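A.B. asks: Quick check, what structure comes out for this input:
(2 chains, ligands or ions: 1)
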Amino acid sequence: MKRFVPTGEMTLGPFFPREFGQGANDLTAFEGRPAKGEPLEITGRVVQADGSPLDNVVLEIWQADANGIFRDPADPRYAQADPNFFGWGRAATDAQGIYTFRTIRPGAYPGRAPHVNFLILYSGLMRQLQTVMFFEKASDPVLDAVEPAALRERLIAKSEGAARYRFDIRLRGEGETPFFDD
Amino acid sequence: MSAPATWKSKYVIEPRDARTQSAGVEPGYAQTEWRWPSQPLQRRPHTLSELTGPQDVLKRLAPVRGDLAGQGAKRAIGQLIHLRTQVVDEDGAPVAGAAVEIWHANAAGKYTHRNDSHDAPLDPNFYGAARMTADADGRIELRTIKPGAYPTGGAERWWRPPHVHFSVWGRVWLSRLVTQMFFPGEPLNDSDGVLNAIRDPQARVRCIARLLPQTEGPENALVYEYRLVVRGSRATPALP
Ligand SMILES: [Fe+2]
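C.D. replies: This next block holds a predicted model:
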């Protein structure tokens, strides 16, 4: 039974330790052992309302492994999860607003198209923002929930060669990325 | 193979109560108007993807010492405090082993951070950041010094009251919490643009730590107690 109200979220502030943003953006191996699947690079630029890039934005991702299984006992197929794929990572943007993750192409599973969940934390963002990156147009209950429908294409990454995807994030203004409230 | 399309979560996330959270754009805090989306946020169904999450992020992020005050000749300047924190969910169930990141300014209101241009001294014995794992009861105790107030830059120029930043992982992806903890009785609390972005006065009070009776802690430190509530509760079992 519910007893407590969730604590109010507040901004990360300008002084999040820079070193806390480093060292966790490569999901292609865990504890030195390579994950199964197709390695990918996901990169993009984070900008604010006037189009200027933002430095040291913290981005976190959560995704399924190559077989579409999450590394969490709540996943009914958890027993078959790739032990060498952690599924979670963190990157921070550089002075040009660019972030980069190295990861594995997530597998599809019944009910969802392949996707990567994104969480964004930054100074002046009073609470976390969440969005989702897709690899291609597909039928998906989360993508299909975005209204108006014309905005859905903004959640589809641009393929830049076989193993590289570009997913730019515009917090506000023209071409604004759709974000989710849950 | 089971079909997650028919998967039912044992754990649910209910919509945020707007009065207990910032609206995003805050008058008097110019950056929020550059960064918070102008379009209404989208609603989505919650599936396996949102209702699972990393189980132990400190396997990915190296732990950082849980004593910021230091010892002996390496003691940081400032009022010694212990922060007794518990991470619970909306049911009040402790989040065993929750990962927590904590960072704050030194006693003079200065961060160990290259972007901090406030005219205040650094303390060579104070680093100001910790990464810890809660115990089986969701508890963390951090020994540190009380942070000082500092002025914000820009046109607004208000002073931030003493506060401690927290970043917490709950049970699932949607339980992530980033917030700030405040100290009781601070006059700057009343005018702070971050604390007062929480419109519900009771929710605001819950962001302020409680000073425990002076007999509760070690002789040389004040002890503050603070509860972090992450989103999520057990699903109500369906009626037969
Ligand atoms: Fe701060």
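A.B. asks: where exactly do the helices run in chain B?
C.D. replies: Remark: helices assigned in chain B by DSSP state H are B:30-35, B:201-205.
A.B. asks: Closest residue of chain A to chain B?
C.D. replies: Here the residue of chain A nearest chain B is A:Gly124; by Cβ to the nearest Cβ that distance is 3.0 Å. Every C-beta, even on glycine, is put in place using the N, C-alpha and C of the backbone.
A.B. asks: which ones are touching that residue?
C.D. replies: A:11, B:29, B:31-32, B:34-35 (Cβ atoms under 8 Å, 6 or more residues apart in numbering or on different chains).
A.B. asks: residue ranges of the strands in chain A, please?
C.D. replies: Ranges of strands in chain A, per DSSP state E, are A:29-30, A:33-34, A:39-47, A:58-62, A:88-92, A:98-104, A:115-121, A:129-134, A:158-159, A:164-166, A:169-170, A:180-181.
A.B. asks: Let's have those in CSV, adding distance to B:Glu101 and mean pLDDT.
C.D. replies: Formatted as CSV, the strands of chain A follow (distance: least, Cβ to Cβ, whole Å; pLDDT from 0 to 100):
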stretch, distance to B:Glu101, mean pLDDT
strand A:29-30, 20, 96
strand A:33-34, 26, 98
strand A:39-47, 21, 98
strand A:58-62, 11, 98
strand A:88-92, 11, 98
strand A:98-104, 19, 98
strand A:115-121, 11, 98
strand A:129-134, 18, 98
strand A:158-159, 32, 98
strand A:164-166, 28, 98
strand A:169-170, 22, 98
strand A:180-181, 23, 96
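A.B. asks: Chain neighbours aside, what residue packs nearest to B:Asp91?
C.D. replies: Of all residues not flanking B:Asp91 in the chain, B:Ser233 sits nearest, at 4.8 Å (Cβ to Cβ, 6 or more residues apart in numbering or on different chains).
A.B. asks: doesn't A:Lys2 make contact with the one you found?
C.D. replies: Yes - counting by Cβ atoms under 8 Å, A:Lys2 is a contact partner of B:Ser233 at 5.3 Å.
A.B. asks: list residues touching both of these two?
C.D. replies: Common neighbours of B:Ser233 and A:Lys2 (Cβ under 8 Å, 6+ apart) are B:90-91.
A.B. asks: Give me the more crowded residue out of these two.
C.D. replies: Counted by other Cβ atoms under 10 Å in any protein chain shown, B:Ser233 and A:Lys2 do not tie: B:Ser233 has more neighbours, with 20 against 12.
A.B. asks: pLDDT at that one, what is it?
C.D. replies: We have a pLDDT of 96 for B:Ser233.
A.B. asks: do you know how far it is from B:Thr20?
C.D. replies: 15 Å (Cβ to Cβ, to the nearest Å).
A.B. asks: okay, the closest residue in space to the residue of chain A closest to chain B that isn't next to it in sequence: pLDDT?
C.D. replies: Using Cβ to Cβ, 6+ apart and skipping the chain neighbours, the partner closest in space to A:Gly124 is B:Gln31 (3.0 Å). pLDDT recorded at B:Gln31 is 93.
A.B. asks: just checking, B:Gln31 touches A:Ser123?
C.D. replies: Yes - here B:Gln31 lies in contact with A:Ser123, judged by Cβ under 8 Å, at a distance of 6.7 Å.
A.B. asks: Excluding chain neighbours, what is closest to B:Ala96?
C.D. replies: Nearest non-adjacent residue to B:Ala96, counting by Cβ to Cβ, 6+ apart: B:Ala136, 4.7 Å away.
A.B. asks: Neighbours of the one you found, how many?
C.D. replies: B:Ala136 has 8 neighbouring residues, counting by other Cβ under 10 Å.
A.B. asks: Equivalent analysis for A:Asn67, please.
C.D. replies: By the criterion of other Cβ under 10 Å, A:Asn67 has 17 neighbours.
A.B. asks: how much space between the residue lying closest to it once chain neighbours are set aside and B:Ala197?
C.D. replies: Spatial nearest neighbour of A:Asn67, chain neighbours left out: A:Gly107 (4.7 Å); criterion: Cβ to Cβ, 6+ apart. Distance, A:Gly107 to B:Ala197, using Cβ to Cβ: 40 Å.
A.B. asks: Also B:Pro147?
C.D. replies: Distance, B:Pro147 to B:Ala197, using Cβ to Cβ: 20 Å.
A.B. asks: And these two? Which one has more around it.
C.D. replies: Just comparing B:Pro147 and B:Ala197: by other Cβ under 10 Å the higher neighbour count belongs to B:Pro147, 28 against 24.
A.B. asks: The more buried one and B:Pro162 touch, don't they?
C.D. replies: Yes - taking Cβ under 8 Å as the definition, B:Pro147 is a contact partner of B:Pro162 at 4.8 Å.
A.B. asks: between those two, what contacts are shared?
C.D. replies: B:105, B:109.
A.B. asks: In chain A, which residue is most central in space?
C.D. replies: A:Phe118 (2.5 Å; Cα atoms, centre = their mean).
A.B. asks: who's in contact with whichever residue of chain B sits closest to chain A?
C.D. replies: Here chain B gets closest to chain A at one residue, B:Gln31, 3.0 Å apart by Cβ to the nearest Cβ. Contact analysis of B:Gln31 by Cβ under 8 Å, 6+ apart lists A:123-124, B:154.
A.B. asks: just to revisit the earlier point, now that we're looking at the residue of chain A closest to chain B, what pLDDT does it have?
C.D. replies: The predicted local confidence for A:Gly124 is 95.
A.B. asks: before we move on, back to that, I figured the residue nearest to B:Ala96 hits B:Pro94, correct?
C.D. replies: Yes - judged on Cβ under 8 Å, B:Ala136 makes contact with B:Pro94 at a distance of 7.5 Å.
A.B. asks: end-to-end on stretch B:194-202?
C.D. replies: 15 Å (Cα to Cα, to the nearest Å).
A.B. asks: for that stretch, which positions count as buried?
C.D. replies: Buried residues in stretch B:194-202, defined by neighbour count with 16 or more other Cβ atoms under 10 Å in any protein chain shown: B:194-195, B:197-198.
A.B. asks: tell me the contacts of the residue nearest to B:Asp91?
C.D. replies: Residues near B:Ser233 by Cβ under 8 Å, 6+ apart: A:2, B:11-12, B:14, B:89-91.
A.B. asks: now A:Ala49
C.D. replies: A:Ala49 makes contact with A:171-173, B:33-35, B:38, according to Cβ under 8 Å, 6+ apart.
A.B. asks: Show the buried residues in those residues.
C.D. replies: Members of the contacts of A:Ala49 classed as buried by 16+ other Cβ under 10 Å are A:171-172, B:33-35.
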